[in-house]
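K.L.:
Structure for the following, please:
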Amino acid sequence: AGTYNFTVTKVGGCTSLPSATVVINPQPPTPPAPTLGTISQPLCAGSTGTIIVSAPIWPGMTYSINGSDYTNTTGIFSLLSPGTYNVTAKSADGCFSPGTSVTINPQPSDITFTSPAITNVTCSGENDGIIVISASGGTGLITYTVSPNVGTQSPSGTFNNLTAQVYTITAHDQNGCTKDVNVTVGTIPDVTIPIIIGCPSNISQSNDPGQCSAIVNWTEPTASDNCTSSTNLVWSKSHTPGSTFPVGTTLVTYTAKDAANNISAACSFTVTITDNEIPVINGCPANIVQSNDAGLCSAVVTWIEPTGVDNCTPSANLVWTKSHTPGSTFPVGTTTVVYLAKDAANNLSTICSFTVTITDNEIPVINCCPSNITQQNDPGQCNSIVNWTEPTASDNCTPSANLVWTKSHTPGSTFPVGTTTVVY
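P.N.:
Next up is the predicted model:
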C-alpha cells in the first residue's frame, strides 16, 4: 500500500518523465473464521439440522458451507442432512475467511408402534373398552396421549374406561417428536338373551259368580339382561294381570327382548277356570192332587215342566234327568216327581221335586145281587135255614178277593118267619 510514481527507460538510456501519482490502497481485512451462534441438530426422524452464523456480519458478507457457493447472505443454513460442514465467509472485497467445522448429527430413529391390544366394549353405550399400546424409537422416554381424551390412562400406554369409537393415539418422545396411530374400539356383539325371573306357576280358579269366566291376577315376572337395563326391556305379553279368562285352560306367555333384539326363552303358564256353578231350575211345579181316571186305578197327569238356566251352558244344552214327564200315568197314591239339570261341566242342579197324588174316588160295583127269596118254615120250626149264591163285586183298584165285605147275613143263616132284609 502507498503512493507511487513511475518512469519508463528505453534501451539506450532515455528515461521518460515521471508518471502521474498512483495510490495502492491498504490490503482489505480477511474475515475471521465464522462464529456459529446456533446449531440445531435433527430431533426427530426425517428432520434436518440448522446452522446460524453469528459472526462475522459485515456489509456484503456472504457465506458457504461447501467452499464454493457463496450465495447465502443471511448466515442461516437449514434443512441440512447429517454430516460435517466447513462454514466459511466471503467479504464484499472477496476475501475468504478460514473455515469453521460443524457436524450435523444423524437423525433419531422413527417412533414405531406395536400392534395395540384392544378390549372391545361389552355392551352398546358402556365405557369398559381398553387399549394397551407401546412404541419404540425416538429419543428418551415415550409418553402417550389419546384423542378424544376420554377414560383414564394407567399405566402409561394403557387407556381404560373407553367407549366404542375411533381413537388417535399419539406417542411423544423427549424431543417433542410425535407419531399418531388410529385405533378402533368396537362393541362386542350382544348375543345373550334376557333371563326371565319369577315365571308364575299354573293357576286354577273357579268362575266368578254368574259368569262363564273369571278375572285372574298374578305377580308378573321380571327379567335381567347382560346389556339392557330391566326397565328398557321390551315385553311381549299374551295377557296381563286382571284379564278375564273363559272357563277352560288358557296359555299365558311372556317374552322379553333386549336392545340387541335378543328374545328370551318364553315364560308360560296356564290359567284354568273351572265352572263350579250349578244350574238353577226355575218354575218347579207345586204338588198335584188328582182323582183317578174313570174305571182305572191311575190317572194321566200333565204339568208345565220347569226350565233351567246356567252361567255357561245354554238352556237348550242342559241335560235333564226326569223321573216322569207330562202325560205320564200315575197310580193311585202319592208319587214323587224329580227333575235334575246338568251343565256341560257336569254340575248338577239342586233337585226340583213335587208329588203327584192320585185318589181313588170310584166305588166298588156289586154284581149278581140275589133276588128276593120266599121260603116255607122248616118243619116244626118258626124259622127256616135259607141259602143263596152270594153276590160278587169288582173295583177299579182293589182285586175282588181283597174287597172287604159287610154282610148282614150269610148263606145258611136261619131266618124267622116274616120278612128279613139281607144287606151286602
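K.L.:
Only alpha carbons, please: show the strand or helix carrying residue 250 as PDB.
P.N.:
Applying DSSP states H and E as the criterion places residue 250 in strand 248-257. Coordinates of each C-alpha in strand 248-257 appear next as PDB, following Å, rounded to 0.1, in the frame of the first residue of the first chain:
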ATOM      1  CA  GLY A 248    -111.300 -73.900  30.400                       C
ATOM      2  CA  THR A 249    -107.500 -73.700  30.100                       C
ATOM      3  CA  THR A 250    -105.700 -70.700  28.600                       C
ATOM      4  CA  LEU A 251    -101.900 -70.500  28.000                       C
ATOM      5  CA  VAL A 252    -100.300 -67.200  29.100                       C
ATOM      6  CA  THR A 253     -96.900 -66.300  27.600                       C
ATOM      7  CA  TYR A 254     -94.300 -63.700  28.400                       C
ATOM      8  CA  THR A 255     -91.100 -62.900  26.400                       C
ATOM      9  CA  ALA A 256     -88.600 -60.100  26.900                       C
ATOM     10  CA  LYS A 257     -86.500 -58.500  24.200                       C
END
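K.L.:
Next, the buried residues of that strand.
P.N.:
250, 252, 254, 255, 256, 257 (16 or more other CB atoms under 10 Å). Where you see a C-beta, it was placed from the backbone N, CA and C, and this is true even at glycine.
K.L.:
following it, which helix or strand shows up next?
P.N.:
Once strand 248-257 ends, the next helix or strand along the chain (criterion: DSSP H and E) is strand 267-274.
K.L.:
Poorly predicted segments of the chain, please.
P.N.:
For the chain, no stretch has pLDDT under 70.
K.L.:
For the residue minimising distance to the centre of it, list the residues it contacts.
P.N.:
The structure's the chain has its C-alpha centroid closest to residue 256; by CA atoms, centre = their mean the separation is 1.1 Å. Going by CB atoms under 8 Å, 6 or more residues apart in numbering, residue 256 touches 194, 196, 223, 225, 233, 234, 235, 236, 263, 264.
K.L.:
And for the fifth one, the neighbour number?
P.N.:
Other residues lying near residue 233 total 19 when counted by other CB atoms under 10 Å.
K.L.:
Surely it touches residue 222?
P.N.:
No. Contact between residue 233 and residue 222 fails when scored by CB atoms under 8 Å: they sit 9.1 Å apart.
K.L.:
Of the contacts of residue 256, which is the nearest to residue 125?
P.N.:
residue 225 (12.9 Å; CB to CB).
K.L.:
C-alpha coordinates for stretch 303-311, PDB please?
P.N.:
Taking Å, rounded to 0.1, in the frame of the first residue of the first chain, the C-alpha atoms of stretch 303-311 are listed here in PDB:
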ATOM      1  CA  TRP A 303    -148.000 -80.100  34.200                       C
ATOM      2  CA  ILE A 304    -145.800 -77.300  32.900                       C
ATOM      3  CA  GLU A 305    -142.200 -78.500  33.100                       C
ATOM      4  CA  PRO A 306    -139.600 -76.500  34.900                       C
ATOM      5  CA  THR A 307    -136.800 -74.600  33.000                       C
ATOM      6  CA  GLY A 308    -133.200 -74.200  33.800                       C
ATOM      7  CA  VAL A 309    -130.500 -71.600  33.400                       C
ATOM      8  CA  ASP A 310    -126.700 -71.800  33.800                       C
ATOM      9  CA  ASN A 311    -123.800 -69.400  33.800                       C
END
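K.L.:
Quick check: buried residues in that stretch?
P.N.:
303, 306, 308, 310, 311.
K.L.:
ok, the second one to residue 111 distance?
P.N.:
What that stands for is residue 306. Remark: distance between residue 306 and residue 111 (CB to CB, to the nearest Å) = 104 Å.
K.L.:
The fourth one now?
P.N.:
Counting by CB to CB, the gap from residue 310 to residue 111 is 91 Å.
K.L.:
Residue 138 contacts residue 107, correct?
P.N.:
No. Using CB under 8 Å, residue 138 is not in contact with residue 107; the gap is 10.8 Å.
K.L.:
so how far is the strand holding residue 250 off the chain centroid?
P.N.:
A distance of 13 Å separates the centroid of the chain from that of strand 248-257, by CA atoms, centre = their mean, to the nearest Å.
K.L.:
Residue 223: neighbouring residues, count only.
P.N.:
Look at residue 223: counted by other CB under 10 Å, it has 22 neighbours.
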